[in-house]
Each structure stands twice: as structure tokens, then as C-alpha cells.
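# test case, fold it:
(one chain, ligands or ions: 2)
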Amino acid sequence: MTVATVYKQGWSLDEVHWHLFDPHKVEPAMLAAVKAAALVEYNAPDYVSYLKRVFADGGPQTLDAIEQWGREESQHGKALGRWAEMADPGFRMDEAFARFRKGYTPPHFEGDSAQSVRGSRRGEMIARCVVESGTSSYYSAIRDATDEPVLKEIAGRIAADEYRHYKLFYDTLHAQPEPDLSFWSKLKIAIGRVRESDDDELAYAYYCANVPPDQEADKPYSRTAYSRASAATSMSIYNRKHIQKLVQMVVKAVGADPHGWIASLMGAILWRRMQSKTA
Ligand SMILES: [Fe+2]
Ligand SMILES: [Fe+2]
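Ligands and ions are numbered 1, 2, ... in the order given. Below you'll find the predicted structure:
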């Protein structure tokens, strides 16, 4: 059994061993997944603006941490985009990202409201923990599934960042001077955020990343079709242990035992649901 390298925070693109890139080890499904992920990651500045509004009087330490978090997410997008351009010289990250930006903006990123769409800062942090649980397990799955050395390294670096992001938001959740939410409120927020993965963000990123502009007329965007394509690609990468880890992290964020029956049940339900989405 090999042990994955643990990468430290604060890495730069120059540290990645790009010269080890092996085009023969690029797989089409993995390439499609990486292109889509690059667009979602690179969209981080909008999240930074929104979170800074929600935590406007949260103190300089929290605001600095949000800025740093956003820089790391954008770098994930750059690293994945650069790898995708090496793997597919026809892919243009800038062009794909411009199309994605033009067609996708979540409503809470517009306007200047300081109120979290999750109802409170604690709610906001639970939703963030869900996202970081998802990305941490997804990049771990990519790292484990690919034989392409540069992608393995990038995914390993990103997975470690995502796990640190989860810890940042988990700690911020518990540092809020607000009353704790009930278990059921927390669970509702977490499940609500998981269900949002059905919205346009992932499906439309997959479309912009994988349908070139000159094919748009022949292949118009359909949320159902591209949501399914995106899910099928993800499921070719994930295996059950990554989903269980994801669920354990979410269950911990809502205050339940990550090794208890709720985690086992939710892991089984989510795995089945993800499989059904590809059918
Ligand atoms: Fe990320
Ligand atoms: Fe993250």
C-alpha cells in the first residue's frame, strides 16, 4: 500500500513538477472532469466578496482567512486549467471560463446584502463545510484514480488544501458568538447544500468546459443532460470510500458522530443517489 504525500499550505504553481507530464496517461473522462472543476474553482472571487459581506464585522483575522482561502481556490482553478491545456491543446481555459461566467451567477452573489442565504453565519459555515467536504473527497478520488503524474500531484495538493479549508470553516463555525443551531436545522442546511449540486453550477461548468463554442449551436445546453454527464464522469472517478469520507466530514459539521449510524445511513443513501443520477 502506498501512502499519499501530504502537501503543505502555501504552494505555488512553480512548485508543481510539470515536466513529468505524460500525455499517454490522460484519460478522456478524467480530462472532462478536470476541465469542469477548473471553471468552478476559478470562480472563487465571487464567493470571497459574498463571504466578506456576511463576515463584514467578523474581525481582521476572519477576513484575512477568507481572502487567503479565495486565493487558494483561484489557484486550484489555474493549476487544473493549466493541466487541462497541456492535456488538450485545443482547450482554452480563458475562453471556457468567460462563457461560464456569462451564463452562471448564483442569485446570492448579486446585490450587496450582508445576510447569509443560509440564515446565519453558523448556517453559512455549515454550508461551506459541506462544499469543502465535497471538494476534499473529490480531489482525493482524482488523485487515487489517475496514473498521470502531474495530475496526481496537483490533485494531492488541492485535496490537502480543501481539507484545511474544511477545518478553517469548522473552526469559524464554532467561534461564532451566535446561539448554536439545533441538530435538525444544521442537518437541513447541510442536506440543502448537497442538493444544490443539482443546480446549474456543475452542469453548466461541465458544458462550457467540454462543448467548444463552435459546437454550441449543434449541442445546446440542457441542465438535465449535462447534469447527468457531469455526474457520470464524477462517478467514474469516485469510489465508495471517498463518499463515506465526505459524509463523515459533513456529519461531523452538523454535530453528530462521524462513525455512528447517521453517517453509515447517509453514506449509503448518497452513494445510491449518485449512482441513480447517472442512469
Ligand atoms: Fe478548491
Ligand atoms: Fe476549498
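
# quick one: neighbours of residue 137, just the number.
A count of neighbours around residue 137, defined by other Cβ atoms under 10 Å, yields 24. To be clear about C-beta, it is placed using only N, CA and C from the backbone, and glycine gets the same treatment.

# quick one, what contacts the closest residue to it other than its chain neighbours?
Leaving aside its sequence neighbours, residue 137 sits nearest to residue 246 (Cβ to Cβ, 6 or more residues apart in numbering; 3.9 Å). By Cβ atoms under 8 Å, 6 or more residues apart in numbering, residue 246 lies in contact with 133-134, 136-137, 270.

# okay, the closest residue to ligand 2 within the chain: pLDDT?
As assessed by Cβ to the ion, ligand 2 sits closest to residue 165 within the chain, at 3.6 Å. On pLDDT, residue 165 comes in at 97.

# in this structure, which residue sits nearest ligand 1?
Counting by Cβ to the ion, the chain gets nearest ligand 1 through residue 76, at 3.8 Å.

# circling back: so which helix or strand takes in the residue of the chain closest to ligand 2?
Counting by DSSP states H and E, the element that carries residue 165 is helix 149-175.

# what's that helix packed up against?
helix 60-87, helix 121-145, helix 240-253 (3 or more Cβ pairs under 8 Å, 6 or more residues apart in numbering; DSSP states H and E).

# what's the following helix or strand past that helix packed up against?
Using DSSP H and E, the next helix or strand after helix 149-175 towards the C-terminus is helix 183-195. Packing partners of helix 183-195 (3+ Cβ pairs under 8 Å, 6+ apart): helix 121-145, helix 240-253.

# can you give me the buried ones in helix 183-195?
Buried residues in helix 183-195, defined by neighbour count with 16 or more other Cβ atoms under 10 Å: 185-190, 193-194.

# quick one: low-confidence ranges for the protein?
Applying pLDDT under 70 to the chain flags the ranges 1-4, 107-108, 198, 279.

# could you list the residues of it in contact with ligand 1?
41, 73, 76 (Cβ under 5 Å from the ion).

# keep the residues you listed, but drop any that are not near ligand 2.
Okay, of those, nothing touches ligand 2 (Cβ under 5 Å from the ion).

# which one of those sits closest to residue 113?
Using Cβ to Cβ, residue 73 is the member of the residues of the chain next to ligand 1 that lies nearest residue 113, at 21.8 Å.
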